[in-house]
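1. got a structure for you, letters missing:
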């Protein structure tokens, strides 16, 4: 949606040199163009975004990038420290599996799960928050008490229980196979939607008093149309920022869950799982813990910086630009 | 006269608040004829807007409540129409121009998108291209220069006057039968007001819509309206054509309004304000709601005990007034001050 708008604004910006007779022409910019400008000024965020995109590409194209398969054994070459020999840059583990490849596949699984969590929790939270904020009254009361209920659940205990009961293998629902990592994502999403719901509800409560909403009503728009076409686009900033933070949290929680053995199950490689596999060897095989750990830290940090940059960029009332 | 396009009868609307029942509109009746401009004037809180918002189903219910009355539009009582039907009518056959163009446009969509949306909502099956072509036509009609380029701009790139033009374009997009203009110039400065008046006139020429002009700006009324409804404390107190209202008002409140208006064509040392404050709509004075402020009532009993009914005055055609002593009020020799910009 934003692309086409930018495109349209860009096209007219070129034409208008001819159209105004007087005065110095200032190039017309859409709000997205301004947001992009503000984001680009946030250097740390830009660097983080580049890092994230690279990591994301590595994850997406893991089977083509990784020098070995994630479960490819080389029993002659176990527990090798990082070396250029055979491109075992991150060394090998106790079974001789190339650790660089394992980490690359781990990135793939962890990012994929985190994206599922972010998208799903944002969708659930936005819908619930929008409905609660728009209709208010009893509807609001009911939905928000439900949100409070989810919030009061002891997260880790629920996660562990759910993971143990529902999340240990692939399952088949109506003939569709749901891979095990996806199920972990679904469980996390179920717990992570509350913050978006509260944010969106708050925004909707103030937006619904705005005159353009009344104008939309007077123009004959339906409730659904007003909610999702008129009001929701006014909330994209906070929603996107929150979604990025959810990605970071999801990666960390998934890693923690996998670390204690309830998250992603073998033979799938996940970053947290790799650390837990390696930690038994302590500091003797230091590369087994260090590399996946570093990757987790880099991803989580980068996402947080991008989130920061987006918050500054998407909030037009905040003129101050850091970096 | 032709059949009225919109006919409001005995409309009574109340709001339940913690302090009591607010009688926002009581027994309001008036007709709107095709192609005319009907001005509704009154102080803030006199029920000018509520009556029209009720007709469109735009008052929040609860706390709002339609106690009685009907609003007949094309043979259909809008007050009894289901929500879906009202939605079809809103923005279609009855459209509205809002007071504040700065906040009535959605900040995240281009002007063109918002006008096109008004078209697409009411014309399912209309092609995007067709909608865009029509949008450009509308923007040119309301006098937005460089429409071709402005159509892709966002509201924050428009000035107040230009935004109000865009709002008018949106309102007339579907060739409405009735156009409700709720204080269309209040948020604009005086020079822009004059331009907007021209745009509204042009919009009416184009669509031949009947316009309900809600305002407290008597200058605007003089400029645009054909007939005038004067409201006080939720009731219609006087209704007549615009010349009669300005030249020979027959209600003390209307007379008070006229005397408090600065005029270019009369020698006035000071303006005469109406004494006192408008009453609280929760506890209206008994009898005529205006009697505590009325200089003609002179403590007469009937003003305090009996609510005056709206009655036509003998020999004055369609002129109706809700004053017990309308006949006593002598015609004043004043001319219509045809300058816009004077406040009431």
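-> In hand now; what should we look at? Just so it is clear, the structure is predicted and the values come from calculations on it, not from any experiment.

2. And stretch A:63-81, what's buried?
-> A:66, A:68, A:70, A:77, A:80 (16 or more other C-beta atoms under 10 Å in any protein chain shown). (Each C-beta comes from the backbone N, C-alpha and C, glycine too.)

3. ok, and what's touching that stretch?
-> Under the contact criterion C-beta atoms under 8 Å, 6 or more residues apart in numbering or on different chains, stretch A:63-81 has outside partners A:58, A:86-88, A:91-98, A:100-102, A:104-105, A:267, A:269, A:281, A:285, A:287.

4. As a markdown table, the buried residues of stretch A:63-81 with secondary structure would be great.
-> Formatted as a markdown table, those follow (DSSP: H, G, I helix; E, B strand; the rest coil):
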| residue | secondary structure |
| --- | --- |
| A:66 | coil |
| A:68 | coil |
| A:70 | coil |
| A:77 | helix |
| A:80 | coil |
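
5. got JSON lines for those, with pLDDT and distance to residue A:122 too?
-> Below are the buried residues of stretch A:63-81 laid out as JSON lines (pLDDT from 0 to 100; distance: C-beta to C-beta, whole Å):
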{"residue": "A:66", "pLDDT": "77", "distance to residue A:122": "30"}
{"residue": "A:68", "pLDDT": "78", "distance to residue A:122": "36"}
{"residue": "A:70", "pLDDT": "72", "distance to residue A:122": "29"}
{"residue": "A:77", "pLDDT": "72", "distance to residue A:122": "44"}
{"residue": "A:80", "pLDDT": "71", "distance to residue A:122": "42"}
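
6. Tell me the one of those residues nearest residue B:260?
-> residue A:66 (84.1 Å; C-beta to C-beta).

7. Residue B:274 reaches residue B:254, doesn't it?
-> No. Taking contacts as C-beta atoms under 8 Å, residue B:274 lies outside contact range of residue B:254: 10.4 Å.

8. Those two: who's more crowded?
-> A side-by-side neighbour count of residue B:274 and residue B:254, using other C-beta atoms under 10 Å in any protein chain shown, places residue B:254 first with 23 against 19.

9. need the contact list for the more buried one.
-> Taking C-beta under 8 Å, 6+ apart as the criterion, residue B:254 is in contact with B:230, B:237-238, B:245.

10. Can you say which two of these are spatially most distant?
-> B:237 and B:245, at 11.2 Å, using C-beta to C-beta across the contacts of residue B:254.

11. tell me, what's touching these two both at once?
-> B:230, B:254.

12. Sketch out the low-pLDDT regions of the stretch 51-200 of chain B for me.
-> Judged against pLDDT under 70, the stretch 51-200 of chain B has no low-scoring part.

13. 90 instead?
-> The stretch 51-200 of chain B contains residues with pLDDT under 90 at B:51-134, B:136-177, B:179, B:181-200.

14. Looking at it, which residue is nearest chain A?
-> residue B:91 (3.5 Å; C-beta to the nearest C-beta).

15. That residue and residue B:174 touch, don't they?
-> Yes. Residue B:91 is within contact range of residue B:174, at 6.6 Å (criterion: C-beta under 8 Å).

16. Give me the more crowded residue out of those two.
-> Shown here are residue B:91 and residue B:174; by other C-beta under 10 Å, residue B:91 has more neighbours (27 against 21).

17. Any chance of the backbone angles for the more buried one?
-> The phi/psi pair for residue B:91 (degrees, to the nearest 10) reads phi 80, psi -10.

18. re earlier: for residue B:91 and residue B:174, list the residues in contact with both.
-> B:118, B:122.

19. Just the buried ones from the contacts of stretch A:63-81?
-> A:58, A:88, A:91-93, A:96-98, A:100-102, A:104-105, A:269, A:285, A:287.

20. Can you tell me which of those comes closest to residue A:311?
-> residue A:58 (26.4 Å).

21. Look up which helix or strand that closest one falls in, please.
-> Here residue A:58, judged by DSSP states H and E, is contained in helix A:43-60.

22. Show me what that helix is packed against.
-> Judged by 3 or more C-beta pairs under 8 Å, 6 or more residues apart in numbering or on different chains; DSSP states H and E, helix A:43-60 is in contact with helix A:31-40, helix A:99-135, helix A:287-314.

23. That one to helix A:31-40, inter-axis angle?
-> 100 degrees (axes from the mean of the first three to the mean of the last three C-alpha atoms, to 10 degrees).

24. Now do helix A:43-60 against helix A:287-314: the angle between them, please.
-> 130 degrees.

25. Next secondary structure after helix A:43-60?
-> helix A:62-65.

26. dump the residue contacts of the residue of the stretch 51-200 of chain B closest to chain A.
-> Counted by C-beta under 8 Å, 6+ apart, residue B:91 has contacts A:218-221, B:118, B:121-122, B:171, B:174.

27. May I ask which of these has the most neighbours?
-> Ranking those using other C-beta under 10 Å puts residue B:171 first, with 30 neighbours.

28. how deep is the closest residue to that one other than its chain neighbours tucked in, by neighbour count?
-> Nearest residue to residue B:171, sequence neighbours excluded (C-beta to C-beta, 6 or more residues apart in numbering or on different chains): residue B:95, at 4.1 Å. Using other C-beta under 10 Å, the number of residues around residue B:95 comes to 29.

29. and residue B:95, which of the three is it?
-> Following three-state DSSP, the label given to residue B:95 is strand.

30. so how far is chain A from the residue positioned nearest the centre of chain B?
-> For chain B, residue B:214 is the residue whose C-alpha lies nearest the centre (C-alpha atoms, centre = their mean; 1.8 Å). Distance from residue B:214 to chain A, counting by C-beta to the nearest C-beta, to the nearest Å: 13 Å.

31. my guess is that residue meets residue B:180, correct?
-> Yes. Assessed by C-beta under 8 Å, residue B:214 is found in contact with residue B:180 at 7.1 Å.

32. Can you pull the residues that touch both of those two?
-> residue B:52.

33. Show me the helices in the stretch 151-300 of chain B, by range?
-> For the stretch 151-300 of chain B, the helices defined by DSSP state H, counting those that start in this stretch cover B:160-171, B:190-207, B:218-224, B:242-247, B:252-259.

34. so where's the stretch 51-200 of chain A uncertain?
-> Along the stretch 51-200 of chain A, the model assigns pLDDT under 90 to residues A:58-115, A:136-137, A:150-192.

35. and with 70 instead?
-> Checking the stretch 51-200 of chain A against pLDDT under 70 turns up A:86, A:167.

36. Can you pull the residues of it lying near chain B?
-> Residues of the stretch 51-200 of chain A lying near chain B by C-beta under 8 Å from any C-beta of the partner chain: none.

37. same thing but 10 Å
-> residue A:137 (C-beta under 10 Å from any C-beta of the partner chain).

38. Look up how far residue B:62 lies from the residue in the stretch 51-200 of chain A that chain B sits nearest to.
-> Closest contact between the stretch 51-200 of chain A and chain B, by C-beta to the nearest C-beta, is at residue A:137 (9.6 Å). Plainly put, residue A:137 is 10 Å away from residue B:62 if you go by C-beta to C-beta, to the nearest Å.

39. got it, and residue B:85?
-> Distance, residue B:85 to residue B:62, using C-beta to C-beta: 21 Å.

40. so residue B:13 sits in a strand?
-> Yes. Counting by three-state DSSP, residue B:13 falls inside a strand.

41. Neighbours of the residue lying closest to it once chain neighbours are set aside, how many?
-> Closest residue to residue B:13 in three dimensions, ignoring its sequence neighbours and counting by C-beta to C-beta, 6+ apart: residue B:25, at 4.3 Å. Here the number of neighbours of residue B:25 (other C-beta under 10 Å) works out to 31.

42. Assign residue B:25 to helix, strand or coil.
-> Strictly by three-state DSSP, residue B:25 counts as strand.
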